[in-house]
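Visitor: output the structure for:
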Amino acid sequence: MSDGFQAKKPIRTVATFLDYSKAYDWMWRANVILTMDEFDVPMQLLRWISALLQNRPARLCLNGTLSRRRRMQ
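Guide: Okay, here's the model as predicted:
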């Protein structure tokens, strides 16, 4: 992010921060996806969040390096 702000021509930076610690213990998970779809959240992001809510494995790719799979709980 810092590099993008310091470039002569600013580079667009998008950041999303999710704090899901105990946030989904009591909620109807399917309704979260439906509500986000109504707000036109991109389908790729909806699929990722849906997988996250269903205790699925995930990996992160950062600077071309792929992490090992982790089960998102």
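Visitor: now the helices: where do they sit in the chain?
Guide: Using DSSP state H, the helices of the chain run over residues 2-6, 29-38, 43-53.
Visitor: now do the longest one against helix 29-38, angle only.
Guide: Angle between the axes of helix 43-53 and helix 29-38 is 170 degrees (criterion: axes from the mean of the first three to the mean of the last three CA atoms, to 10 degrees).
Visitor: number the residues from 55 up from this point.
Guide: Will do, 55 is the new start, and the previous item becomes helix 97-107.
Visitor: by contact count, what packs against helix 97-107?
Guide: If you count contacts as 3 or more CB pairs under 8 Å, 6 or more residues apart in numbering; DSSP states H and E, helix 97-107 packs onto helix 83-92, strand 111-112. Bear in mind the C-beta positions are built from the backbone N, C-alpha and C, glycine included.
Visitor: so can I have a markdown table of the ones you listed showing mean pLDDT and mean neighbour count?
Guide: Output for the helices and strands packed on helix 97-107, formatted as a markdown table (pLDDT from 0 to 100; neighbours: other CB atoms under 10 Å):
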| stretch | mean pLDDT | mean neighbour count |
| --- | --- | --- |
| helix 83-92 | 86 | 12 |
| strand 111-112 | 76 | 11 |
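Visitor: out of those, which gets nearest to residue 66?
Guide: Among the helices and strands packed on helix 97-107, helix 83-92 comes nearest to residue 66, with 22.4 Å by CB to CB.
Visitor: what's in contact with the closest one?
Guide: Residues from elsewhere that reach helix 83-92, judged by CB atoms under 8 Å, 6 or more residues apart in numbering: 78, 99-100, 103-104, 107-108.
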